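Trainee: what follows is a predicted structure for the sequence shown.
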Amino acid sequence: MNYAKLFACLLVLPVAACTRSASPPEARNAPNASSEGNSVSNDGAFAAAPRAEAAEPAPASMPSQEARSRSNDSSSAAAPRAAGASSSYRAPAEKKAEDRPGLGTTWGETRTSYVSNARFERADYSHPFALVSLNYNDDSGIQAMARRMGNSYASFDRSGVDAADGAVSVRLLDENGSPLPSSNFGGRDYVAGSDGQRYVIQIENHSGNRFEAVATVDGLDVVDGKDGALNKRGYLIDPWATLQIDGFRRSQSAVAAFRFGSVKDSYAARKGNDRNVGVIGVAFFHERGSSRPWTERELERRDSATPFPGGFASPPPAPLAR
């Protein structure tokens, strides 16, 4: 035995271990959906349960459908698979008279949703190429907003919102996968829900490029449960793919389901700030090196372009009478 070499190893190993644990966060990947639940490096940047909530049991079943997410920042992003069955939903306590009217989003039951890490480098870190905002409420609340905007009645004849010339679309689905009714007035999009109803945010990519989507509910980031910001990391959407975000992320394998409830019982209110209750936002970012996406709408415009839009020359104006 070479005691000098052994002694040198004992000195070097602790230093190496410290070097690994102190590696820069930007060298780590952010989550990406995987049916196998790949291990990831995460600094615990997931949403924390409301303080008054007791510990819930672990999710009971495997998800039925994949969705992908990727990024490369210290604030880990995550992409869920469609959730499976889980612990039963517990209705919130009876509402008090002083509650604000309308709906908020509560911290629902735990649902299975696996994620893992993948790299994604934004073309522009601070400026999304598209930003979608959905205001939600119960029917009476939306009708009140319509009257405030000068509309006598809100007509629910839409099922989602398109952005970036049709490159992406966002809509809310109920627990059966049906789109929630939506309306547009006053330059804003509104979605109608009901108390106790579970919903998911569905995002569709209609292009051949990958996008990163940073999503918020009631002003809270859906991954870490803290105030939403554009510099946080999000979910990766593959080309021509569909992503469903079904709750606030609790861990690499579970989310707390989105459920409509009273403002008082909303996750945001229980965290101490209900100022932004009633709005869902999704910001989309290009990947570095990608070009402007070729959407169906753009292809149709190209296909219908005409080289002679003016037709025949018009006759000169008649001379003025003298």
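Mentor: On my side now, so go ahead.
Trainee: ok, residues contacting whichever strand or helix holds Ile280?
Mentor: Taking DSSP states H and E as the criterion, Ile280 maps to strand 279-286. Residues from elsewhere that reach strand 279-286, judged by Cβ atoms under 8 Å, 6 or more residues apart in numbering: 122-125, 128-136, 163-164, 167-168, 170, 172, 191, 201, 203, 209, 211-219, 228, 230, 234. For every residue, glycine as well, the C-beta is placed using N, CA and C.
Trainee: now the host helix or strand of Asp189 against strand 279-286, angle please.
Mentor: For Asp189, the element it lies in under DSSP H and E is strand 188-192. Per axes from the mean of the first three to the mean of the last three Cα atoms, to 10 degrees, the angle that strand 188-192 makes with strand 279-286 is 120 degrees.
Trainee: are any of the contacts of strand 279-286 buried, and which?
Mentor: 122, 128-130, 132, 134-136, 163-164, 167-168, 170, 172, 191, 201, 203, 209, 211-219, 228, 234 (16 or more other Cβ atoms under 10 Å).
Trainee: where along the stretch 51-200 of the chain do the helices fall?
Mentor: With DSSP state H, counting those that start in this stretch as the criterion, the stretch 51-200 of the chain has helices at 139-148.
Trainee: low-confidence ranges, it, go.
Mentor: 52-98, 151-157 (pLDDT under 70).
Trainee: circling back: the strand holding Asp189 pairs with which strands?
Mentor: In the sheet, strand 188-192 lines up against strand 130-137 (parallel), strand 182-185 (antiparallel) (DSSP bridges).
Trainee: looking at these, which is nearest to Leu243?
Mentor: strand 130-137 (13.1 Å; Cβ to Cβ).
Trainee: what residues does that closest one touch?
Mentor: Residues contacting strand 130-137 (Cβ under 8 Å, 6+ apart): 102-103, 145, 161, 163-164, 167-168, 170, 172, 180, 182, 188-193, 260, 278-284.
Trainee: please export the C-alpha coordinates of it as PDB.
Mentor: Extracted in PDB, the C-alpha atoms of strand 130-137 (Å, rounded to 0.1, in the frame of the first residue of the first chain):
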ATOM      1  CA  ALA A 130     -46.500  35.800 -27.700                       C
ATOM      2  CA  LEU A 131     -48.400  36.400 -24.500                       C
ATOM      3  CA  VAL A 132     -51.900  35.000 -23.800                       C
ATOM      4  CA  SER A 133     -54.100  36.200 -20.900                       C
ATOM      5  CA  LEU A 134     -57.300  34.400 -19.900                       C
ATOM      6  CA  ASN A 135     -59.700  36.000 -17.400                       C
ATOM      7  CA  TYR A 136     -61.900  33.400 -15.700                       C
ATOM      8  CA  ASN A 137     -65.000  33.700 -13.500                       C
END
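Trainee: next, the angle helix 139-148 makes with it.
Mentor: 110 degrees.
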